[in-house]
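S.K.: Curious how this folds, go ahead:
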Amino acid sequence: MNVLFLLTDNQRADLLGCAGNPVIQTPNLDAMAAQGTRFTNAFATTPICAASRASYLTGCYERRHQFTFLTPPLRREFTAASYPEILKARGHRTGLIGKFGIASNGITPMVEGGEETLRRMFDHFDNYEHWTEDGYEIPQSDGSTRHLTDVTGDKVIAYIKNHARPQGQPFCLSVSFNAPHAQDHDPRHYIWPESESDLYVDDVIPEPVNSDPAFFETLPSFIRQSESRNRWHTRYDTTKNYQRNLKGLYRMVSGIDRNVGRIRDALIAHGLADNTTIIFASDHGMYYGERGLSDCWQLNEESIRIPLIVYDPRQPTGQVREEVALNIDIAPTILDLCGFPIPPTCQGVSLRPLLEGTESDWRSAFFCEHLFDRSDIPKSEGARTTGWKYIRYFEQTPIYEELYDLTNDPYESHNLAPEMAFAEKLDEMRLLCDDLNNRAA
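M.R.: Coordinates of the predicted model:
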């Protein structure tokens with residue numbers, strides 16, 4: 001099988017029509033979900049770009065691979081066990097187009113061994129980060145500009161046409177759209193393709209949950225004074241700003257969706273649709289004004305929930321799976337679907353049994369964490385089960401804890417940690433977090 005892994009940036013799980021969003025238009029991804037499998041409980045184990053992307057590559061928790069922004073390079077022991085390097089060594093042609101996301105200053109690869117390691121991982125490496133000088137507006141030779149999402153789509157289609165199956169060689173192409181990440185330091189924030197400009201003009205995006213100022217005042221001071229609040233002020237501090245920026249965000253997602261349609265058409269045109277598995281996901285979620293915050297970094301549902309769709313032409317169609325799927329499951333799934341063994345370093349599990357529609361014992365809890373060392377973005381770790389969430393900000397004095405009953409409080413509006421009635425459950429979740437932490441290391 002060929003594999004096409006499509007990864008977006010900062011796209012929360014609910015930014016899909018098939019996920020129940022009443023406004024956003026994503027017809028191509030909705031169609032792919034109808035033809036494949038959509039996971040309704042998919043999560044990133046760490047809600048920050050660099051660490052999550054390293055987890056996608058390696059199938060390991062951040063606590064094990066120890067890579068995020070400002071850390072030493074991703075170590076060779078992990079890149080050697082990454083899905084692209086394994087596939088390349090076993091005969092696949094491997095490629096990456098778009099945002100690698102494991103970089104220093106957006107350009108220099110932060111992998112141990114540098115360019116030699118990249119050559120071991122990828123036959124074709126076309127890295128482009130959205131925060132470089134051109135941002136989303138890419139100059140063309142005729143003096144015009146073309147949106148980066150469309151440029152990425154063009155490059156994928158060219159790869160399919162020119163490089164996909166030289167001499168019958170199967171391929172694994174990883175495609176990382178920079179969208180819908182906001183353009184940092186640009187007052188427009190969300191810059192969309194011109195072809196999506198007419199979308200959502202007359203729509204009203206529903207207000208975010210838990211966005212009342214009174215709710216924000218209940219949050220601890222280290223969150224109220226964090227970078228998440230600073231960025232909220234630039235994007236969502238008024239109804240006008242919120243509507244303008246959310247519509248821009250939605251247009252960027254619709255631009256991705258249009259290019260997914262173009263890419264799938266190219267697979268059909270070149271006779272590859274029937275033996276190409278497509279995986280669609282995002283690196284992590286994001287606050288879009290919820291809790292009076294912006295961006296990611298905390299372990300609330302908005303930040304860690306991600307979209308996940310897998311289309312495998314060999315598997316049943318129209319499945320909706322409620323089992324917990326994680327970003328660390330993607331690497332072992334890709335290897336398993338291609339018929340190769342999963343390395344012992346991998347902490348994720350293959351989703352193949354769920355894709356095949358078979359019943360399977362499955363995880364009932366997972367560990368999540370955020371370890372980026374920055375004073376205005378607090379570190380945290382937690383445990384999530386099918387019904388409960390526990391979070392602790394372990395560098396605060398005293399440690400600050402949160403406990404949520406997700407069955408009755410899916411938006412995490414009521415922190416039960418201080419309430420004596422839930423002391424036993426709090427102790428239970430503390431112990432679970434300790435155990436999961438130890439196993440993740």
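S.K.: quick one: secondary structure of Ser303?
M.R.: Following DSSP: H, G, I helix; E, B strand; the rest coil, the label given to Ser303 is helix.
S.K.: Does it touch Ser282 like I think?
M.R.: No. Judged on CB atoms under 8 Å, Ser303 makes no contact with Ser282 at a distance of 11.4 Å. Yep, even glycine has a C-beta here, placed from its N, CA and C like the rest.
S.K.: Quick check: mean pLDDT of stretch 138-147?
M.R.: Average pLDDT, stretch 138-147: 94.
S.K.: can you check stretch 200-212 too?
M.R.: Per-residue pLDDT values over stretch 200-212 give a mean of 97.
S.K.: ends of it, how far apart?
M.R.: Distance across stretch 200-212, first residue to last, is 24 Å (CA to CA, to the nearest Å).
S.K.: outside of that stretch, which residues touch it?
M.R.: Taking contacts as CB atoms under 8 Å, 6 or more residues apart in numbering, the residues outside stretch 200-212 that touch it are 22-23, 236, 239, 242-243, 246-247, 250-251, 287-292, 411-413.
S.K.: try 10 Å this time
M.R.: With contacts defined as CB atoms under 10 Å, 6 or more residues apart in numbering, stretch 200-212 is touched by 21-25, 192, 215-216, 218-219, 232, 236, 239, 242-251, 254, 287-293, 300, 302, 410-413.
S.K.: Put the buried members of those into a ChimeraX selection.
M.R.: Selecting only the buried entries of the contacts of stretch 200-212 in ChimeraX, with 16 or more other CB atoms under 10 Å as the criterion:
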select :21,24,25,192,216,219,232,236,242,243,244,245,246,247,248,249,250,251,254,287,288,289,290,291,292,293,300,302,412
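S.K.: related to what we said a few turns ago, identify the contacts common to Ser303 and Ser282.
M.R.: Counting by CB under 10 Å, 6+ apart, the residues touching both Ser303 and Ser282 are Asn10, Arg12, Ala44.
S.K.: give me the number of residues near Asn437?
M.R.: By the measure other CB atoms under 10 Å, the count of residues near Asn437 is 17.
S.K.: let me redo that: His233
M.R.: As a burial measure, the neighbour count of His233 was computed by other CB under 10 Å and equals 12.
S.K.: Report the contact partners of it.
M.R.: Residues near His233 by CB under 10 Å, 6+ apart: Asn241, Gly292, Ser294.
S.K.: Equivalent analysis for Phe372, please.
M.R.: Counting by CB under 10 Å, 6+ apart, the residues that Phe372 touches are 46-51, 62, 68-71, 297, 378-379.
S.K.: Those residues, buried ones only, as a ChimeraX selection?
M.R.: The ChimeraX selection below is limited to those of those classed as buried (16+ other CB under 10 Å):
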select :46,47,48,49,50,51,62,68,69,71,297,378,379
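S.K.: Mind putting the contacts of Phe372 into TSV with distance to Gly348?
M.R.: As requested, the contacts of Phe372 are arranged in TSV below (distance: CB to CB, whole Å):
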residue	distance to Gly348
Thr46	13
Pro47	17
Ile48	18
Cys49	18
Ala50	18
Ala51	14
Glu62	13
Thr68	18
Phe69	22
Leu70	25
Thr71	21
Trp297	22
Pro378	26
Lys379	23
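S.K.: for the contacts of Phe372, which one is nearest Glu402?
M.R.: Here the nearest of the contacts of Phe372 to Glu402, counting by CB to CB, is Pro378; it sits at 12.0 Å.
S.K.: circling back to that earlier point, what is the nearest of the contacts of His233 to Asp123?
M.R.: Nearest to Asp123 among the contacts of His233: Ser294, at 38.1 Å, using CB to CB.
S.K.: Glu116 - that's part of a helix, no?
M.R.: Yes. Counting by three-state DSSP, Glu116 falls inside a helix.
S.K.: Name the nearest residue to Ala33, ignoring sequence neighbours.
M.R.: Here the nearest residue to Ala33 in space, its sequence neighbours aside, is Cys18; by CB to CB, 6 or more residues apart in numbering that works out to 4.4 Å.
S.K.: Over to Asn415?
M.R.: In space, Asn415 comes closest to Glu402 once its chain neighbours are excluded; the distance is 4.9 Å by CB to CB, 6+ apart.
S.K.: The one you found contacts Leu299, correct?
M.R.: Yes. With contacts counted by CB atoms under 10 Å, Glu402 reaches Leu299, the gap being 8.4 Å.
S.K.: Tell me how many other residues surround Pro180.
M.R.: Number of residues near Pro180 (other CB under 10 Å) recorded here: 26.
S.K.: Same question for the one 10 residues further on.
M.R.: Neighbour count of Tyr190, defined by other CB under 10 Å: 22.
S.K.: try Phe394
M.R.: With neighbours defined by other CB under 10 Å, the count for Phe394 comes to 16.
S.K.: any idea how far it lies from Arg224?
M.R.: Phe394 sits 19 Å away from Arg224, going by CB to CB, to the nearest Å.
S.K.: cool, Pro332 as well?
M.R.: With the distance defined as CB to CB, Pro332 ends up 39 Å from Arg224.
S.K.: Now do the strands for the stretch 251-400 of the chain: every range, in order, please.
M.R.: For the stretch 251-400 of the chain, the strands defined by DSSP state E, counting those that start in this stretch cover 276-282, 287-288, 294-295, 308-311, 319-326, 365-370, 380-385, 388-393, 400-405.
S.K.: ok, the fourth one: who's next to it in the sheet?
M.R.: With DSSP bridges as the test, strand 308-311 is paired with strand 37-43 (antiparallel), strand 276-282 (antiparallel).
S.K.: between the ones you listed, which gets nearest to Leu57?
M.R.: Among the strands paired with strand 308-311, the nearest to Leu57 by CB to CB is strand 276-282 (12.9 Å).
S.K.: pLDDT averaged over the closest one - what is it?
M.R.: The predicted model gives strand 276-282 an average pLDDT of 98.
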